[in-house]
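Q: Here is a sequence with its predicted model. Questions after.
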Amino acid sequence: MSQSASKAMAVAATVRSGARIRRSAIPILAIAIAASLAGCAKRDSITVGAIPDDYRTTHPIVIAEKNQKIDLPVGAGDRGMTGSQRDTLLGFLDGYDKSAAPALTIATPIGSANEVAATAAARDFARLAIASGIKRNRIVVTSYQSVSPEASAPIRVSYISVRAQTDKCGRWPEDLFESSENKHYADYGCSSQNNLAAQLANPADLLGPRKSTDIDAENRGAVIDVYRGRGISDEFLGNSEVTY
């Protein structure tokens with residue numbers, strides 16, 4: 001065989017080998033693409049799963065009944081209601097809803113060092129509540145047993161009201177430094193939700209808007225007349241630019 005023929009056979013073998021390599025590389029390339037797509041899908045699931053929870057879902061504001069109460073200290077030597085007790089009780093009764101008219105409970109201690117003084121003060125508390133607009137039949141005067149006969153126990157005034165509230169704050173079930181998840185911790189947003197609930201004067205506002213009040217037509221007409229009487233100045237109409 002001549003030297004030129006040998007070279008031709010070698011070139012042909014190289015071409016066939018390259019074709020086999022290209023044909024075998026096609027399935028390998030397909031596998032690599034599929035693996036890369038699977039990796040992207042896995043990364044997307046991790047990203048979506050790392051989105052933090054909504055604190056409004058974790059600490060929802062709910063409308064429920066809540067026991068409003070205050071303890072008013074009474075000295076053993078007091079003779080009836082004092083001025084400071086009067087001011088404190090009036091401030092407490094400001095939150096009493098006269099339209100709902102819940103029962104107002106005045107509990108006096110028995111078996112305490114100030115039992116006699118507390119009984120006299122409780123009668124004055126009831127009179128003050130009636131004077132502030134609470135119906136007489138909604139006031140309940142009761143008693144409770146004092147823990148120590150040598151100590152002075154307070155008078156407990158309470159009533160039930162509907163309030164916007166959420167759960168108590170301070171839950172730390174996990175160490176923040178031992179969590180690798182990008183999520184809110186358990187107590188996140190609790191204080192903000194509690195503050196928002198405490199600022200609501202009417203919890204029903206969370207359920208829906210109130211009915212619009214009637215329009216004061218006379219006042220509206222007076223305001224429009226004042227606006228028309230002032231007119232629009234030529235300076236305002238002539239200037240198209242605003243100087244800051």
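A: Perfect, I can see it now. Residues are numbered from 1 along each chain as shown.
Q: which parts of whichever strand or helix holds T57 are buried?
A: Taking DSSP states H and E as the criterion, T57 maps to helix 55-58. For helix 55-58, the neighbour count (16 or more other Cβ atoms under 10 Å) marks T58 as buried. Where you see a C-beta, it was placed from the backbone N, CA and C, and this is true even at glycine.
Q: Report all helices and strands that that helix contacts.
A: Packing partners of helix 55-58 (3 or more Cβ pairs under 8 Å, 6 or more residues apart in numbering; DSSP states H and E): helix 190-198.
Q: what does the helix it packs on contact?
A: By Cβ atoms under 8 Å, 6 or more residues apart in numbering, the surrounding residues in contact with helix 190-198 are 55-56, 58-61, 163-171.
Q: Now intersect these with the helices, please.
A: Counting by DSSP state H, the members of the contacts of helix 190-198 that fall within helices are 55-56, 58.
Q: Enumerate the beta-bridge partners assigned to Q165.
A: Beta-bridge partners recorded for Q165 (DSSP bridges): V62.
Q: State the pLDDT value of the most centrally placed residue in the chain.
A: Central residue of the chain (Cα atoms, centre = their mean): Q193, 1.9 Å from the mean position. The per-residue pLDDT reported for Q193 equals 92.
Q: worst-scoring helix or strand of the protein, pLDDT-wise?
A: helix 3-49 (a mean of 52; mean pLDDT, DSSP states H and E).
Q: For I139, what are phi and psi?
A: Note on I139: backbone dihedrals following degrees, to the nearest 10 are phi -100, psi 130.
Q: tally of neighbours for it?
A: I139: 17 surrounding residues under other Cβ atoms under 10 Å.
Q: Let me know whether it touches I106 as I believe.
A: Yes. In this structure, I139 is within contact of I106 by Cβ atoms under 8 Å, at 6.9 Å.
Q: shared neighbours of the two, anything?
A: 126, 129.
Q: Low-confidence bits of the protein, can you list those?
A: Within the chain, the stretches with pLDDT under 70 are 1-52, 179, 231-244.
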